[in-house]
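Peer 1: I would like the atomic coordinates for the input below:
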Amino acid sequence: MAKKQSSGASSPSANVSAGAASRTRARERERRAPVEGLENEVIDLRRVAKVTKGGKNLSFRATVVVGNGQGRVGIGKGNTREVPSAIQRAIHDARRRMIQVPLIEDRTIPHEVWGKFKASRVLLKPAFPGTGIIAGGTVGAICRLAGIRDILTKARGSTNPLTLAMATLDGLKRLRTLEQVAQARDKKPEEVLQ
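Peer 2: Down below sits the predicted model:
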């Protein structure tokens, strides 16, 4: 039986699949690489189960907050069978859902606001310089990564970390600066204060 000798060059189809694999790996590295200036913090990690006729399907749900410390913050959740991939999915989800938070003097929020999500409610109040972040673990992490340095908060209702995080984000979305309110009313900022 004669052996087939290769001419040294690989087939075109092998090159195409190798090129596609390298592009996929490059995209994966790019997706996992940290974006400049963004920090993340895991605020909740739970084992969850989906009950099916074949038994329980166990997986892990990670809730992550991502922010740049200068007014941009987002919350994401990831659900997979392994903890590291759940965290990576949550970070990716949080980056896609980032919002801009209006800050006064780069330290506090413009006005008092209630945030609501399902059974959770969160009160966010502006504070004087030097007050610090007076908040629990979940709300405090979101405020820190958003760049808020002085704030008073109070959680009401459910204190489940995921719903509390979503309620906090809802409150931060409702914030408006004086200029935004004046523009919406077709007035000057001085007229709004009267």
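Peer 1: contacts and neighbour counts: CA atoms only from here.
Peer 2: Will do.
Peer 1: chain center to the host helix or strand of residue 51, what's the gap?
Peer 2: Under the criterion of DSSP states H and E, residue 51 resides in strand 39-52. Its chain's average C-alpha position is 14 Å from that of strand 39-52, according to C-alpha atoms, centre = their mean, to the nearest Å.
Peer 1: Check the average confidence over the host helix or strand of residue 77, would you?
Peer 2: Assigned by DSSP H and E, residue 77 falls within strand 72-80. The average pLDDT within strand 72-80 is 96.
Peer 1: name the helices or strands packed onto it?
Peer 2: strand 55-67, helix 83-96, strand 99-100, helix 137-146, helix 161-173 (3 or more C-alpha pairs under 8 Å, 6 or more residues apart in numbering; DSSP states H and E).
Peer 1: Where does pLDDT dip in the protein?
Peer 2: Filtered on pLDDT under 70, the chain yields the residue ranges 1-36.
Peer 1: Please repeat the previous calculation with a cut-off of 50.
Peer 2: Under the criterion pLDDT under 50, the flagged ranges of the chain are 6-8, 10-11, 30-33.
Peer 1: picking that back up, among the helices and strands packed on strand 72-80, which is nearest residue 108?
Peer 2: helix 137-146 (9.4 Å; C-alpha to C-alpha).
Peer 1: which strands and helices sit next to whatever helix or strand comes next after that closest one?
Peer 2: Following helix 137-146 in sequence order, the next helix or strand is strand 151-157 (DSSP H and E). If you count contacts as 3+ C-alpha pairs under 8 Å, 6+ apart, strand 151-157 packs onto strand 120-126, strand 133-134.
Peer 1: Going by neighbour count, which residues of the longest one are buried?
Peer 2: Burial within strand 120-126, assessed by neighbour count using 16 or more other C-alpha atoms under 10 Å, is assigned to 120-126.
Peer 1: ok, so of the residues you listed, who is nearest residue 56?
Peer 2: Checking the buried residues of strand 120-126 one by one against residue 56 (C-alpha to C-alpha), the nearest turns out to be residue 120, at 28.6 Å.
Peer 1: now for the helices and strands packed on strand 151-157, which one comes closest to residue 63?
Peer 2: Closest among these, using C-alpha to C-alpha: strand 120-126, at 16.1 Å.
Peer 1: which outside residues touch the closest one?
Peer 2: 108-116, 150-160, 163-164, 167-168, 171 (C-alpha atoms under 8 Å, 6 or more residues apart in numbering).
Peer 1: Drop anything exposed from the residues you listed.
Peer 2: 108-116, 150-153, 155, 159, 163-164, 167-168, 171.
Peer 1: ok so, going back, put together JSON lines for the helices and strands packed on strand 72-80, with distance to residue 180 on each row.
Peer 2: Listed next are these as JSON lines, based on distance: least, C-alpha to C-alpha, whole Å:
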{"stretch": "strand 55-67", "distance to residue 180": "23"}
{"stretch": "helix 83-96", "distance to residue 180": "24"}
{"stretch": "strand 99-100", "distance to residue 180": "13"}
{"stretch": "helix 137-146", "distance to residue 180": "20"}
{"stretch": "helix 161-173", "distance to residue 180": "13"}
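Peer 1: Okay then, goodbye and thanks.
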